[in-house]
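Peer 1: Got a sequence here, can you model it:
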Amino acid sequence: MESLSEEMCAGMQHMSESVFVGLCEIVGTSTQVAMRRETVDIKEMLERRVTASYAYIEMMSGSNREGFRLKGSDVDVMYWPNNHRVIMDMSQSEYYNKANTTLILSESSESPPGFTLLQLLTQTTYKEVQSACVRMNGRTYISSSKYRQLTCSATLPNSVVNGPCGSGDIGQEVEYDTAFCFVSDVWPPSASSWKDRCHSWPYPEVVDDIVRSGCHFVAIGHPLGLHEQEEWRMSFSQAENRCVCAMDHYQFLTYGLLKLFLKEVVNQQSEETKGLLCSYHMKTTIFWAIQQNTVSNLCPQNFLAGFWVCSKLLLKWVYEGVSPNFFIPQNNLFLTKVHGSTQNRLFLQLHELYKKGLACLLQSSSIRSYIISALYNPRLSINTDESVLKCEIDHDLEFFLEMSCNDNVKSNSLYSCMKHLTELEHLICSPLTEYKVLMLQKLKATILQRTAFILHINKGVNKQIYIPDKLSCQLITLAAKFGCVSDMLYIAMYYYETLRYREALSVIKMTETKLVQPCLIYRRHVDTESYIEAVGGQSWATKMRQAMAGDIKLYSTTSYISELILEQQSALQNRVPALYVPVFVMLLFLEFLCYRHIDTTLSQETLDKLHILIHLDQGLYVRDIFRDISWEILGICQQITGNAKTALYSYQQSMSTRYPIHQIQNATQKRIQELRSSISHQQINCDMYFH
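Peer 2: Alright, predicted model coming up:
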């Protein structure tokens, strides 16, 4: 009997190890998670330092900010006006300069726990805030429902209201939620008990930092509140992120397992109960479990014990119909959804899963294979050392993608570029992790590129041209040293714009040589053996310059190539911040433009290559979401050569792409009209000639 118990214990350890390894594959190792968090953190730290008082602060939130990259997860972003502050009582107003800060008072006495009214105390210049104001009891309040409606599509056009957010998708590849909110530097009194509860977790310095950072107010009221249309919900998104970062990696993976369990098991039980529980309930569950010290001392051998503790706590909450908010326990997260007959059905379903024990995880499509592998190979040794679970190229691929996603800066003027560079240098001189330094260096390359092109636009005449041109050349060449292979094309763009066609072609040929190497990382494509042989073990700077390439980003407010100004203007009119051109499309586009001034035969050969690429590529080099701008560029080249019919066809293809994410239709329509007018004019001249 004792040996049977020992065998069962060993079997459980074996299964735990297998699931732990599986989650490191699905969710990420501790190194990968740190990398994801740090790239976002340092990028936002830089932006906050340079954001003007009258502008909006942007903060990524949700699972992406926490370090997850699970399939189907949406991107959550919060925005708030930098010069608006919510205070908890009137005495706090003395800490602010009312001449340049709009003050808002939180009044929660008549609202359910976790909700409040926001009274506008001082004037605001923001039209959305002004338009959202309502009068109640002789005072001015900001209506959450009106503000939500007004800001729903402020960032991305055609978004739809979803809770406190504007929601939608980008090319059916990425779903997003954007929430316009207000910030408070003060920790709300209704959450004061949370600090007293934090005896062992999070650590005191983390707790103090969370409290100092205050909270946010998102635009949605409580369904049972007296003033649902006017009420705002307190959001602890920033605090939650700090708590998630305070977890050890085993706890974080347990949180990830709970998310997978919800999506792939609980929400597949029946349509009636699907959606009653959400990811936020899973997060709340593990927060309470960790704080109550029931999910501590986890390791690969007992990893599943943490999941089991959390699932029992969740079952208890559903039975009782109470899920206490982690920061304000009086706020019952189940109050409006999990009650009555739906609560009973959900409990019965969860209880059936509970009776199956850990075997319930066999219903998870992501986890099943790891459990089965452990059951069928009980004596197979499982290596749980994170350092061997992911190889060098896995980390390089992921970090390059993370870096590319966060490589965007809001520097639209020379002053803004200088401000960014100044703050960036200050940050680089401070104690930073390797990933943060590398992310700053990539941002530096982008800022230098923008500075070079802005200088070119603002150049003077005659002798005044020489100095800015020389400086632009130096900046853009320096940027290439910090950037990747594809960043060399910005040098080619600058040479083309300044009529140095042969110099541009020299850079294009050099870039092309690197782009066709098998060791190149482009998106997620790379020949592993060639990559390791070429740059394995070398510095990150060397890897970037020799073996990594991304698509070309053309910010809508900065002129790069005169042939694309119309498209940039169209994108800007539709609040699209940048055009993303596939790197191979841009390379052939530039080569074609340069050869037009040197050798028309070679320009036609290049155009033929571009034609084949865009017509025949199956998504390897031209992603579906970038087909609108790719067809547009092909049409521009064809129009330049005088081939009106093929150009018209290309423009029509650009108009009819499934994912017009660049919103360049206005530019395309103008080009089509010009083309048709030109064709008609030629036809009239032809008719007159023959008559």
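Peer 1: Doesn't Thr178 lie inside a strand?
Peer 2: Yes: judged by DSSP: H, G, I helix; E, B strand; the rest coil, Thr178 forms part of a strand.
Peer 1: Number of residues surrounding it?
Peer 2: 23 (other CB atoms under 10 Å). (Glycine included, C-beta is placed from N, CA and C.)
Peer 1: Isn't it up against Trp80?
Peer 2: No: contact between Thr178 and Trp80 fails when scored by CB atoms under 8 Å: they sit 11.6 Å apart.
Peer 1: which stretches of the stretch 201-350 of the chain form strands?
Peer 2: 215-218, 232-235 (DSSP state E, counting those that start in this stretch).
Peer 1: Mean neighbour count added to these, as JSON lines?
Peer 2: As requested, those are exported to JSON lines (neighbours: other CB atoms under 10 Å):
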{"stretch": "strand 215-218", "mean neighbour count": "24"}
{"stretch": "strand 232-235", "mean neighbour count": "25"}
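Peer 1: between the ones you listed, which gets nearest to Glu110?
Peer 2: Among the strands of the stretch 201-350 of the chain, strand 232-235 comes nearest to Glu110, with 12.9 Å by CB to CB.
Peer 1: Parallel or antiparallel, which strands does the closest one pair with?
Peer 2: Next to strand 232-235 in the sheet, as set by DSSP bridges, lie strand 115-120 (antiparallel), strand 215-218 (antiparallel).
Peer 1: Give me the contacts around that strand.
Peer 2: Residues from elsewhere that reach strand 232-235 (CB atoms under 8 Å, 6 or more residues apart in numbering): 78, 114-118, 142, 144, 164, 179, 181-182, 188, 190-191, 215-222, 327-328.
Peer 1: Can you report how many residues lie near the closest residue to Phe334 other than its chain neighbours?
Peer 2: Counting by CB to CB, 6 or more residues apart in numbering, Phe334 lies nearest to Ser323, which is 4.6 Å off, once chain neighbours are set aside. Ser323: 25 surrounding residues under other CB under 10 Å.
Peer 1: and Ser323, what does it touch?
Peer 2: Applying CB under 8 Å, 6+ apart, the residues contacting Ser323 are 281, 284-285, 317, 332-334, 338.
Peer 1: Same question for stretch 151-158: list its buried residues.
Peer 2: Buried residues in stretch 151-158, counted by 16 or more other CB atoms under 10 Å: 151-153, 155-156.
Peer 1: hey, C-alpha coordinates of that stretch in PDB?
Peer 2: The C-alpha trace of stretch 151-158 is given here as PDB (Å, rounded to 0.1, in the frame of the first residue of the first chain):
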ATOM      1  CA  THR A 151     -13.700  58.600 -27.200                       C
ATOM      2  CA  CYS A 152     -14.600  55.200 -28.500                       C
ATOM      3  CA  SER A 153     -12.900  55.700 -32.000                       C
ATOM      4  CA  ALA A 154     -10.500  58.400 -30.900                       C
ATOM      5  CA  THR A 155      -7.400  56.200 -31.500                       C
ATOM      6  CA  LEU A 156      -8.600  53.700 -34.100                       C
ATOM      7  CA  PRO A 157     -11.500  54.400 -36.500                       C
ATOM      8  CA  ASN A 158     -14.600  52.300 -36.500                       C
END
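Peer 1: Could you check how far it is from the centre of its chain?
Peer 2: From the chain centre to the centre of stretch 151-158 is a distance of 16 Å (CA atoms, centre = their mean, to the nearest Å).
Peer 1: Likewise for stretch 106-122?
Peer 2: 31 Å.
Peer 1: Next: stretch 214-228.
Peer 2: Using CA atoms, centre = their mean, the offset of stretch 214-228 from its chain centre is 26 Å.
Peer 1: what distance separates the start and the end of it?
Peer 2: One end of stretch 214-228 to the other measures 23 Å (CA to CA, to the nearest Å).
Peer 1: tell me the mean pLDDT for it?
Peer 2: Across stretch 214-228, the average pLDDT comes to 95.
Peer 1: Sort out which residues of that stretch are buried, please.
Peer 2: 214-222, 225, 227-228.
Peer 1: likewise stretch 11-26?
Peer 2: Applying 16+ other CB under 10 Å to stretch 11-26 flags 12-24, 26 as buried.
Peer 1: next one: stretch 497-512
Peer 2: 497-498, 500-501, 503-505, 507-508, 511-512.
Peer 1: So which of those residues is the closest to Asp196?
Peer 2: Thr511 (59.9 Å).
Peer 1: give me every residue that touches the closest residue to the closest one other than its chain neighbours.
Peer 2: Excluding the flanking residues, the one nearest Thr511 by CB to CB, 6+ apart is Met488, at 4.5 Å. Met488 makes contact with 480, 507, 510-511, 514, according to CB under 8 Å, 6+ apart.
Peer 1: one step back: return the member of the buried residues of stretch 214-228 nearest to Leu70.
Peer 2: Using CB to CB, the buried residues of stretch 214-228 come closest to Leu70 at Val218, 22.9 Å.
Peer 1: With adjacent residues omitted, what lies nearest to that closest one?
Peer 2: If you skip the residues right next to it in sequence, Val218 has Pro164 as its closest partner in space, 3.9 Å away by CB to CB, 6+ apart.
Peer 1: same deal with Phe217?
Peer 2: Spatial nearest neighbour of Phe217, excluding adjacent residues (CB to CB, 6+ apart): Trp232 at 4.2 Å.
Peer 1: Look up how far Asp177 lies from the one you found.
Peer 2: Distance, Trp232 to Asp177, using CB to CB, to the nearest Å: 17 Å.
Peer 1: What of Ser311?
Peer 2: 27 Å.
Peer 1: Just list the residues touching Pro582, thanks.
Peer 2: Pro582 neighbours (CB under 8 Å, 6+ apart): 551-552, 621-623, 626, 630.
Peer 1: Relative to Gln449, how far out is it?
Peer 2: 18 Å.
Peer 1: for Leu121, same thing?
Peer 2: With distances taken as CB to CB, Leu121 is found 43 Å from Gln449.
Peer 1: quick one: low-confidence parts of the protein?
Peer 2: Within the chain, the set of residues satisfying pLDDT under 70 comprises 1-10, 458-466, 680-691.
Peer 1: Distance-wise, check the residue nearest the centre of it relative to Phe589.
Peer 2: Taking CA atoms, centre = their mean, the centroid of the chain lies closest to Val75, which sits 5.4 Å from it. According to CB to CB, Val75 and Phe589 sit 29 Å apart.
Peer 1: follow-up on the earlier one: let's have the strands paired with strand 232-235 in TSV, adding distance to Phe347.
Peer 2: TSV is the format used below for those (distance: least, CB to CB, whole Å):
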stretch	distance to Phe347
strand 115-120	27
strand 215-218	30
